[in-house]
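Q: From the sequence below, what's the structure:
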Amino acid sequence: MPNSNNKLITIMILSTLFGLASGIVGSMIARAFLLEKTFNIPLVGDIDFLDDNNGRPSIIIRSADKVVVEQDAKAAETANTANKSIVGIFKKNLSPSLSETVQGTSTVAFDPDNFYRLEDNLAEGFIITSDGWIITDFIPEKMTPALPVTDKVQAAHKKEVLAEYVIISKDKTVYEVDDIIADKTTGYSFWRIKANDLPVTGFVGRKGIANGQQVLAVNWEKWSWVTTVIGKEDDSPLARSSDRTPETLVLADKPDAEFMGSFLFDFSGNLVALINEEGKIKPIYHFTGVINYLLKNKDLKYAGLGINYVDLSALTDGGGKDNVKGALIYKTDKEPAVLPASPAALAGLRPGDIITSVDGMELGSGNDLASVIAEHMAGDEIAIEFLRGGEKKSVKVKLGELK
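A: Numbering: from 1, shown residues only. Below you'll find the model as predicted:
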């Protein structure tokens with residue numbers, strides 16, 4: 001009888017051990033083949049299941065190795081795509097073509113100094129249209145800043161400047177410069193080359209940029225740098241102009257010298273911002289209106305409303321309420337609240353009015369009045385809603401040309 005009991009106990013223990021072993025093996029197989037294949041969850045790493053806002057389970061993968069690899073691959077893909085829309089600006093070289101020299105059809109002996117070395121660009125630019133418009137922070141020294149370069153009296157001088165430069169694309173095509181329009185307000189210039197079907201990408205609007213968003217800086221030499229947007233910086237005084245956009249993006253780290261004059265992209269390959277030679281990062285949406293005007297009129301004009309204002313969303317009265325927003329028309333130390341003969345004055349806007357929306361878009365955090373105006377062209381008609389003495393009013397305003 002004792003022997004029978006011992007055998008029974010032994011069988012029970014072995015059955016338990018085999019059951020546990022089967023469960024462990026089964027779990028490993030399930031994770032290796034079912035979760036990995038079906039749900040793209042790695043075999044190694046802790047997994048937590050949490051409920052999202054809709055009550056559905058979501059997954060957190062504590063092992064980040066695979067995520068990092070996928071991010072690196074996406075960054076490389078984005079950099080390659082974005083780089084195709086970046087061009088180099090070079091001093092023009094009057095030497096024979098490289099193909100003639102290599103093939104022996106040139107009467108001039110090969111001299112490396114006669115040709116363009118791709119790393120010797122003066123600056124870099126970004127293609128904004130497939131038919132040859134380019135934006136860059138490089139303005140030739142010979143461009144007279146005191147007068148508009150489109151003025152007829154400077155036609156001969158401008159022709160001389162155009163003849164001194166060429167644009168080289170990523171496929172090593174050399175283009176003659178057809179036009180340069182300098183913007184002394186922003187320090188950027190717009191160059192035109194005779195071309196078609198150039199590679200272009202999209203622009204990221206105000207709502208497409210968020211704190212914590214990862215972005216990628218790319219330059220002419222195919223260098224790339226992944227960083228994060230951590231905020232926006234505005235050094236304007238409390239009362240600022242509706243026709244100036246000093247706002248810049250702030251990144252987790254300052255750009256290295258190699259990325260001064262380069263361009264910032266999201267991970268879809270769309271242009272987020274321009275990085276100038278001082279490291280200031282200007283959102284591309286600040287150029288939306290002027291670029292549209294340039295493409296339509298082949299000239300450079302910014303839209304102007306003609307008021308000064310205080311962004312109420314940046315203030316609080318201490319009452320604990322977050323309902324104070326809009327643009328309060330208010331004077332600065334040097335200018336009146338409403339500029340004389342401005343579009344705002346002609347429409348009847350007054351000091352003390354609070355503009356609450358433009359074209360149905362409510363003003364507030366993330367929708368500053370100056371940024372909204374910058375997205376429009378000179379000559380556009382906008383619908384403004386405002387408060388005057390607590391009463392809601394509306395008016396249509398035709399934006400003027402910023403002087």
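Q: three-state assignment of the residue positioned nearest the centre of the chain?
A: Most central in the chain under CA atoms, centre = their mean is Val272, positioned 0.8 Å from the mean C-alpha point. Here Val272 is recorded as strand under DSSP: H, G, I helix; E, B strand; the rest coil.
Q: isn't it right up against Phe265?
A: Yes: counting by CB atoms under 8 Å, Val272 touches Phe265, with 5.9 Å between them. Glycine gets a C-beta too; all of them are placed from N, C-alpha and C.
Q: Please enumerate the shared neighbours of those two.
A: Val215 (CB atoms under 8 Å, 6 or more residues apart in numbering).
Q: Need the nearest residue in space to Glu160, chain neighbours excluded.
A: Lys142 (7.5 Å; CB to CB, 6 or more residues apart in numbering).
Q: okay, now that neighbour: neighbour count?
A: By the measure other CB atoms under 10 Å, the count of residues near Lys142 is 10.
Q: give the contact list for it.
A: Lys142 neighbours (CB under 8 Å, 6+ apart): His157, Glu160, Val161, Glu164.
Q: gap between it and Glu278?
A: 22 Å (CB to CB, to the nearest Å).
Q: how does the chain divide into domains?
A: 15-63, 86-193, 206-297, 303-401 (automatic domain parsing).
Q: For Ala75, which of those is the nearest?
A: domain 206-297 (5.4 Å; CB to CB).
Q: which stretches of the stretch 301-403 of the chain form helices?
A: Using DSSP state H, counting those that start in this stretch, the helices of the stretch 301-403 of the chain run over residues 343-346, 369-374.
Q: Can you name every helix or strand that the shortest one contacts?
A: Same thing as helix 343-346. strand 391-398 (3 or more CB pairs under 8 Å, 6 or more residues apart in numbering; DSSP states H and E).
Q: Tell me the strands beside the strand it packs on, with direction?
A: Strand 391-398 pairs in its sheet with strand 381-388 (antiparallel), by DSSP bridges.
Q: Contacts for the partner strand next, please.
A: In contact with strand 381-388 (CB under 8 Å, 6+ apart) are residues 326, 347, 349-350, 352-360, 376, 392-399.
Q: Which ChimeraX command selects the buried ones in the residues you listed?
A: In ChimeraX syntax, the buried subset of those is picked out as below (16 or more other CB atoms under 10 Å):
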select :326,347,349,353,354,355,356,357,358,376,397,399
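Q: follow-up on the earlier one: what's the separation between the residue nearest to Glu160 and Lys392?
A: Taking CB to CB, one finds Lys142 at 53 Å from Lys392.
Q: give me the low-pLDDT residue ranges for the stretch 201-350 of the chain?
A: Within the stretch 201-350 of the chain, the stretches with pLDDT under 70 are 318-323.
Q: Quick one: the strands in it, in order.
A: Ranges of strands in the stretch 201-350 of the chain, per DSSP state E, counting those that start in this stretch, are 214-218, 224-233, 239-241, 248-251, 263-265, 271-275, 281-283, 303-304, 308-311, 327-329.
Q: most packed of those strands?
A: strand 263-265 (a mean of 27; mean count of other CB atoms under 10 Å).
Q: who's in contact with that strand?
A: Against strand 263-265 from outside (CB under 8 Å, 6+ apart): 78, 82, 86, 126, 201, 215-219, 249, 271-275, 281.
Q: That one: partners in the sheet, and parallel or antiparallel?
A: In its sheet, and by DSSP bridges, strand 263-265 pairs with strand 214-218 (antiparallel), strand 271-275 (antiparallel).
Q: on that earlier part again, distance to Arg244 added to the contacts of Lys142, as a markdown table?
A: Below are the contacts of Lys142 laid out as a markdown table (distance: CB to CB, whole Å):
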| residue | distance to Arg244 |
| --- | --- |
| His157 | 29 |
| Glu160 | 33 |
| Val161 | 28 |
| Glu164 | 32 |
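Q: Drop the exposed ones from those residues and show what's left.
A: For the contacts of Lys142, buried by 16+ other CB under 10 Å: Val161.
Q: Out of the contacts of Lys142, the closest to Asp137 would be?
A: Val161 (16.8 Å).
Q: and that closest one, that's in a helix?
A: Yes: checked against three-state DSSP, Val161 lies within a helix.
Q: Ile139 is in contact with that one, correct?
A: No: contact between Val161 and Ile139 fails when scored by CB under 8 Å: they sit 10.1 Å apart.
Q: pretty sure Gly379 contacts Leu399?
A: Yes: with contact defined as CB under 8 Å, Gly379 reaches Leu399; the gap is 6.6 Å.
Q: which neighbours do these two share?
A: Ala303.
Q: what's next to stretch 340-357, contact-wise?
A: 242, 304-307, 309, 312, 325-331, 336-339, 362-363, 369, 384-388, 392, 395-400.
Q: Please save the CA atoms from that stretch in CSV.
A: Below are the C-alpha coordinates for stretch 340-357, written out as CSV (Å, rounded to 0.1, in the frame of the first residue of the first chain):
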residue,chain,number,x,y,z
PRO,A,340,-3.7,105.6,-40.6
ALA,A,341,-5.1,104.7,-44.1
SER,A,342,-4.5,101.0,-43.4
PRO,A,343,-6.9,98.3,-44.5
ALA,A,344,-8.0,98.0,-40.8
ALA,A,345,-8.7,101.7,-40.6
LEU,A,346,-10.6,101.7,-43.9
ALA,A,347,-12.7,98.8,-42.5
GLY,A,348,-13.6,100.8,-39.4
LEU,A,349,-11.7,98.8,-36.8
ARG,A,350,-10.8,100.8,-33.7
PRO,A,351,-8.5,100.7,-30.6
GLY,A,352,-10.0,98.4,-28.0
ASP,A,353,-11.8,96.1,-30.4
ILE,A,354,-11.0,92.5,-29.8
ILE,A,355,-10.6,90.4,-33.0
THR,A,356,-11.9,86.9,-32.1
SER,A,357,-11.6,85.1,-35.5
